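**Q** can't give you the sequence, but here's the structure:
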(Lines give C-alpha, C1' and ligand atoms only; values in the text may rest on other atoms or scores of the structure.)
Protein backbone atom coordinates (compact mmCIF):
# COMPACT_ATOMS: atom_id res chain seq x y z
CA UNK A 1 0.00 0.00 0.00
CA UNK A 2 2.83 2.42 0.77
CA UNK A 3 4.43 1.88 -2.69
CA UNK A 4 1.08 2.37 -4.50
CA UNK A 5 0.51 5.64 -2.62
CA UNK A 6 3.93 6.93 -3.67
CA UNK A 7 3.25 6.11 -7.34
CA UNK A 8 -0.09 7.97 -7.22
CA UNK A 9 1.60 10.97 -5.65
CA UNK A 10 4.26 11.08 -8.38
CA UNK A 11 1.64 10.87 -11.14
CA UNK A 12 -0.36 13.71 -9.59
CA UNK A 13 2.70 15.93 -9.25
CA UNK A 14 3.91 15.13 -12.77
CA UNK A 15 0.67 16.35 -14.32
CA UNK A 16 0.07 19.32 -12.05
CA UNK A 17 0.09 22.84 -13.48
CA UNK A 18 2.91 24.90 -12.06
CA UNK A 19 2.56 28.64 -11.59
CA UNK A 20 5.82 30.21 -12.71
CA UNK A 21 5.07 33.91 -12.27
CA UNK A 22 2.48 36.60 -12.95
CA UNK A 23 2.66 36.17 -16.71
CA UNK A 24 3.87 32.57 -16.99
CA UNK A 25 2.01 29.37 -16.25
CA UNK A 26 3.53 26.11 -17.38
CA UNK A 27 2.77 22.41 -17.48
CA UNK A 28 5.24 19.55 -17.49
CA UNK A 29 6.23 18.55 -21.01
CA UNK A 30 6.72 14.97 -19.83
CA UNK A 31 3.87 12.80 -18.63
CA UNK A 32 6.14 10.06 -17.29
CA UNK A 33 5.77 9.21 -13.62
CA UNK A 34 9.39 9.67 -12.61
CA UNK A 35 10.84 10.60 -9.25
CA UNK A 36 12.53 13.66 -10.81
CA UNK A 37 9.08 15.19 -11.32
CA UNK A 38 8.83 15.60 -7.58
CA UNK A 39 12.00 17.69 -7.56
CA UNK A 40 11.30 19.98 -10.52
CA UNK A 41 9.51 23.29 -10.03
CA UNK A 42 9.09 26.55 -11.90
CA UNK A 43 9.77 27.00 -15.62
CA UNK A 44 12.76 25.12 -16.95
CA UNK A 45 13.79 22.92 -19.88
CA UNK A 46 11.13 20.35 -18.98
CA UNK A 47 8.32 22.93 -18.90
CA UNK A 48 6.16 24.20 -21.76
CA UNK A 49 4.32 27.49 -21.38
CA UNK A 50 0.57 27.46 -22.03
CA UNK A 51 -0.01 29.89 -24.89
CA UNK A 52 -2.75 32.54 -24.81
CA UNK A 53 -5.71 32.13 -27.13
CA UNK A 54 -7.50 34.83 -29.11
CA UNK A 55 -9.80 35.71 -26.20
CA UNK A 56 -6.80 36.28 -23.92
CA UNK A 57 -5.08 38.56 -26.42
CA UNK A 58 -8.27 40.46 -27.21
CA UNK A 59 -8.95 41.06 -23.51
CA UNK A 60 -5.51 42.56 -22.93
CA UNK A 61 -5.68 44.76 -26.03
CA UNK A 62 -9.29 45.89 -25.71
CA UNK A 63 -9.72 46.38 -21.97
CA UNK A 64 -6.62 48.37 -21.10
CA UNK A 65 -8.25 51.72 -21.95
CA UNK A 66 -11.32 51.14 -19.77
CA UNK A 67 -9.11 50.04 -16.89
CA UNK A 68 -6.96 53.13 -17.31
CA UNK A 69 -10.13 55.25 -17.22
CA UNK A 70 -11.41 53.79 -13.96
CA UNK A 71 -7.91 54.16 -12.54
CA UNK A 72 -7.98 57.88 -13.32
CA UNK A 73 -11.47 58.20 -11.84
CA UNK A 74 -10.04 56.68 -8.66
CA UNK A 75 -7.20 59.22 -8.67
CA UNK A 76 -9.72 62.02 -9.14
CA UNK A 77 -11.68 60.87 -6.09
CA UNK A 78 -8.55 60.79 -3.95
CA UNK A 79 -7.80 64.37 -5.00
CA UNK A 80 -11.29 65.83 -4.81
CA UNK A 81 -13.37 64.00 -2.19
CA UNK A 82 -13.47 65.09 1.43
CA UNK A 83 -14.94 61.77 2.59
CA UNK A 84 -12.23 59.64 4.22
CA UNK A 85 -13.99 56.35 3.53
CA UNK A 86 -14.51 57.19 -0.12
CA UNK A 87 -10.87 58.26 -0.47
CA UNK A 88 -9.66 55.00 1.12
CA UNK A 89 -11.88 52.99 -1.21
CA UNK A 90 -10.60 54.90 -4.24
CA UNK A 91 -6.96 54.50 -3.17
CA UNK A 92 -7.32 50.72 -2.81
CA UNK A 93 -9.03 50.46 -6.19
CA UNK A 94 -6.34 52.61 -7.79
CA UNK A 95 -3.67 50.18 -6.60
CA UNK A 96 -5.56 47.29 -8.22
CA UNK A 97 -5.91 49.12 -11.54
CA UNK A 98 -2.17 49.88 -11.52
CA UNK A 99 -1.27 46.28 -10.80
CA UNK A 100 -3.51 45.04 -13.62
CA UNK A 101 -2.06 47.52 -16.10
CA UNK A 102 1.42 46.33 -15.09
CA UNK A 103 0.35 42.74 -15.80
CA UNK A 104 -1.12 43.79 -19.14
CA UNK A 105 2.19 45.42 -20.06
CA UNK A 106 4.05 42.18 -19.32
CA UNK A 107 1.58 40.16 -21.39
CA UNK A 108 1.80 42.60 -24.30
CA UNK A 109 5.59 42.35 -24.40
CA UNK A 110 5.73 38.59 -23.90
CA UNK A 111 3.03 37.87 -26.47
CA UNK A 112 4.36 40.52 -28.87
CA UNK A 113 0.93 42.15 -29.24
CA UNK A 114 0.47 45.11 -31.58
CA UNK A 115 -0.26 48.51 -30.05
CA UNK A 116 -4.00 49.03 -29.72
CA UNK A 117 -5.44 52.09 -31.45
CA UNK A 118 -8.55 53.32 -29.64
CA UNK A 119 -11.20 55.30 -31.53
CA UNK A 120 -11.82 57.67 -28.61
CA UNK A 121 -8.25 58.23 -27.44
CA UNK A 122 -5.03 59.57 -28.96
CA UNK A 123 -2.38 57.15 -30.21
CA UNK A 124 0.39 56.39 -27.73
CA UNK A 125 -1.51 57.56 -24.65
CA UNK A 126 -0.30 56.78 -21.16
CA UNK A 127 -3.18 54.76 -19.71
CA UNK A 128 -2.17 55.79 -16.20
CA UNK A 129 -2.75 59.45 -17.04
CA UNK A 130 -5.55 59.35 -19.61
CA UNK A 131 -8.61 61.24 -18.40
CA UNK A 132 -10.48 61.76 -21.63
CA UNK A 133 -13.80 60.06 -20.96
CA UNK A 134 -17.05 61.99 -20.50
CA UNK A 135 -17.64 60.95 -16.88
CA UNK A 136 -14.27 62.36 -15.84
CA UNK A 137 -15.03 65.66 -17.57
CA UNK A 138 -18.31 66.00 -15.65
CA UNK A 139 -16.93 64.93 -12.28
CA UNK A 140 -13.93 67.25 -12.30
CA UNK A 141 -16.32 70.22 -12.30
CA UNK A 142 -18.13 69.01 -9.17
CA UNK A 143 -17.23 69.31 -5.50
CA UNK A 144 -18.36 68.32 -2.02
CA UNK A 145 -21.31 65.99 -1.58
CA UNK A 146 -22.35 66.49 -5.18
CA UNK A 147 -19.02 65.07 -6.31
CA UNK A 148 -19.20 62.12 -3.91
CA UNK A 149 -22.73 61.14 -4.93
CA UNK A 150 -22.00 61.45 -8.64
CA UNK A 151 -18.70 59.57 -8.37
CA UNK A 152 -20.41 56.71 -6.57
CA UNK A 153 -23.07 56.48 -9.28
CA UNK A 154 -20.48 56.47 -12.04
CA UNK A 155 -18.30 53.84 -10.36
CA UNK A 156 -21.23 51.54 -9.60
CA UNK A 157 -21.84 51.27 -13.33
CA UNK A 158 -18.14 50.99 -14.19
CA UNK A 159 -17.52 48.22 -11.65
CA UNK A 160 -20.51 46.21 -12.90
CA UNK A 161 -19.19 46.50 -16.45
CA UNK A 162 -15.68 45.42 -15.43
CA UNK A 163 -17.06 42.33 -13.69
CA UNK A 164 -19.29 41.31 -16.61
CA UNK A 165 -16.56 41.59 -19.25
CA UNK A 166 -13.93 39.91 -17.08
CA UNK A 167 -16.25 36.99 -16.32
CA UNK A 168 -16.58 36.49 -20.07
CA UNK A 169 -12.79 36.10 -20.24
CA UNK A 170 -12.91 33.39 -17.58
CA UNK A 171 -15.34 31.49 -19.81
CA UNK A 172 -13.30 31.89 -23.01
CA UNK A 173 -9.64 32.43 -22.08
CA UNK A 174 -6.93 29.78 -21.72
CA UNK A 175 -3.91 31.52 -20.22
CA UNK A 176 -3.79 30.76 -16.51
CA UNK A 177 -1.60 33.74 -15.66
CA UNK A 178 -4.18 36.09 -17.17
CA UNK A 179 -7.01 34.16 -15.55
CA UNK A 180 -5.36 34.67 -12.17
CA UNK A 181 -5.10 38.42 -12.80
CA UNK A 182 -8.71 38.47 -14.01
CA UNK A 183 -9.99 36.73 -10.89
CA UNK A 184 -8.17 39.27 -8.73
CA UNK A 185 -9.69 42.08 -10.81
CA UNK A 186 -13.19 40.70 -10.31
CA UNK A 187 -12.60 40.53 -6.54
CA UNK A 188 -11.39 44.15 -6.57
CA UNK A 189 -14.53 45.29 -8.34
CA UNK A 190 -16.78 43.29 -6.05
CA UNK A 191 -15.09 44.92 -3.05
CA UNK A 192 -15.55 48.32 -4.70
CA UNK A 193 -19.26 47.64 -5.26
CA UNK A 194 -19.75 46.66 -1.62
CA UNK A 195 -17.97 49.79 -0.43
CA UNK A 196 -19.86 52.06 -2.83
CA UNK A 197 -23.21 50.68 -1.73
CA UNK A 198 -22.31 51.28 1.92
CA UNK A 199 -21.25 54.84 1.13
CA UNK A 200 -24.40 55.46 -0.85
CA UNK A 201 -26.57 54.36 2.09
CA UNK A 202 -24.60 56.62 4.45
CA UNK A 203 -25.00 59.64 2.18
CA UNK A 204 -28.72 59.09 1.74
CA UNK A 205 -29.46 58.65 5.46
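**A** It's in. All values reported here derive from a predicted model rather than from experimental measurement. Numbers count the residues shown, from 1 in each chain.
**Q** which residues of the protein fall in helices?
**A** 2-14, 36-39, 54-80, 84-111, 134-139, 144-172, 176-204 (DSSP state H).
**Q** Please render those helices as a markdown table that adds mean pLDDT and mean neighbour count to the earlier fields.
**A** No exception for glycine: its C-beta is placed from N, CA and C like everyone else's. Supplementary listing: the helices of the chain in a markdown table, determined by pLDDT from 0 to 100; neighbours: other C-beta atoms under 10 Å:
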| stretch | mean pLDDT | mean neighbour count |
| --- | --- | --- |
| helix 2-14 | 38 | 12 |
| helix 36-39 | 28 | 13 |
| helix 54-80 | 95 | 20 |
| helix 84-111 | 96 | 17 |
| helix 134-139 | 93 | 15 |
| helix 144-172 | 97 | 17 |
| helix 176-204 | 96 | 17 |
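**Q** Surely residue 173 and residue 52 touch.
**A** Yes - distance between residue 173 and residue 52: 7.4 Å, which falls inside the contact criterion (C-beta atoms under 8 Å).
**Q** Look up how far residue 104 lies from the spatially closest residue to residue 143 that is not a sequence neighbour.
**A** For residue 143, the nearest residue in space outside its immediate sequence neighbours is residue 80; the separation is 6.8 Å by C-beta to C-beta, 6 or more residues apart in numbering. When distance is defined by C-beta to C-beta, to the nearest Å, residue 80 is 27 Å away from residue 104.
**Q** Check residue 174 too.
**A** Using C-beta to C-beta, one obtains 17 Å as the distance from residue 174 to residue 104.
**Q** Ok, residue 59 next?
**A** If you measure residue 59 against residue 104 using C-beta to C-beta, the figure is 9 Å.
**Q** Same question for residue 98.
**A** Residue 98 sits at a distance of 11 Å from residue 104 (criterion: C-beta to C-beta).
**Q** okay, and the common contacts of these two?
**A** With C-beta atoms under 8 Å, 6 or more residues apart in numbering applied, the contact sets of residue 98 and residue 104 do not overlap.
**Q** Now residue 69: closest residue in space, sequence neighbours ignored.
**A** Closest residue to residue 69 in three dimensions, ignoring its sequence neighbours and counting by C-beta to C-beta, 6+ apart: residue 133, at 4.9 Å.
**Q** Backbone dihedrals for residue 53, please?
**A** For residue 53, the backbone dihedrals (degrees, to the nearest 10) come out as phi -100, psi -170.
**Q** can you check residue 83 too?
**A** Residue 83 adopts backbone torsions of phi -90, psi 120, taken as degrees, to the nearest 10.
**Q** list the contacts for it?
**A** Residues touching residue 83, when contacts are defined by C-beta under 8 Å, 6+ apart, comprise 148, 199.
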